[in-house]
Structures are given as C-alpha cells and as structure tokens.
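In: Sequence and predicted structure, then a few things I'm wondering about:
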Amino acid sequence: MKVNEWCMYCGECAGVCPRSLIEVRESCLIFNENECKDCRICIQVCPVQALSKEE
Ligand code: SF4
Ligand code: SF4
C-alpha cells in the first residue's frame, strides 16, 4: 500500500480494515501487507484519497 502526503493520520482506514492490518502511528502508517486481502475498503474510506495500491 502506498500512502501519499495528504495523509493526516486520522485512523479511519485502520478502523475499517476487516482484518485490522493497519496501525496508525504519529506520522506513519504500518500495513501488514502479507495478510492483506486486497478488499480496498481502506482506500475507499480515506477522506483525502491518501491511499493507493502499489502495482
Ligand atoms: S484514512 Fe487516509 S488520511 Fe486517515 S490515516 Fe488512513 S490514509 Fe491517512
Ligand atoms: S485492502 Fe482491505 S484487507 Fe487490505 S489493508 Fe485495506 S482494508 Fe485491510
């Protein structure tokens, strides 16, 4: 997962991940990519379009 500079670390993406794979720190997000099922709910809920999938 790629996080751009618009991220404000609000934690919304972490709150919706069905597998709780996102950890929000003060100025970074940590993704447990290995467990990610690519549902992209986190991308959809981000209010500032800060997330994208690394292809
Ligand atoms: S929902 Fe968007 S702005 Fe909020 S922490 Fe996640 S990536 Fe950052
Ligand atoms: S794509 Fe789905 S499973 Fe992967 S981190 Fe985002 S919400 Fe979680």
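Out: Nice, thanks for sending it over. Ligands and ions are numbered 1, 2, ... in the order given.

In: Please make it C-alpha for all contacts and neighbour counts, starting now.
Out: OK.

In: Strands of this protein, residue ranges please.
Out: When secondary structure is read from DSSP state E, the chain shows strands at 2-3, 22-24, 29-31, 51-52.

In: Format those as CSV; extra columns: distance to ligand 2, mean neighbour count and mean pLDDT.
Out: Below are the strands of the chain laid out as CSV (distance: least, C-alpha to the nearest ligand atom, whole Å; neighbours: other C-alpha atoms under 10 Å; pLDDT from 0 to 100):
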stretch, distance to ligand 2, mean neighbour count, mean pLDDT
strand 2-3, 11, 14, 96
strand 22-24, 6, 17, 97
strand 29-31, 6, 15, 96
strand 51-52, 9, 18, 98
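
In: Any chance of a markdown table for these, columns distance to Cys10?
Out: Putting the strands of the chain into a markdown table (distance: least, C-alpha to C-alpha, whole Å) gives the following:
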| stretch | distance to Cys10 |
| --- | --- |
| strand 2-3 | 13 |
| strand 22-24 | 8 |
| strand 29-31 | 10 |
| strand 51-52 | 13 |
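
In: so which of those strands comes closest to Cys39?
Out: Evaluated with C-alpha to C-alpha, the strands of the chain place strand 51-52 nearest to Cys39, the distance being 12.1 Å.

In: how deep is the residue lying closest to Cys13 once chain neighbours are set aside tucked in, by neighbour count?
Out: Spatial nearest neighbour of Cys13, excluding adjacent residues (C-alpha to C-alpha, 6 or more residues apart in numbering): Cys42 at 4.5 Å. By other C-alpha atoms under 10 Å, the residues close to Cys42 number 22.

In: Distance-wise, check Cys42 relative to Ala50.
Out: For Cys42, the distance to Ala50 under the criterion C-alpha to C-alpha, to the nearest Å works out to 10 Å.
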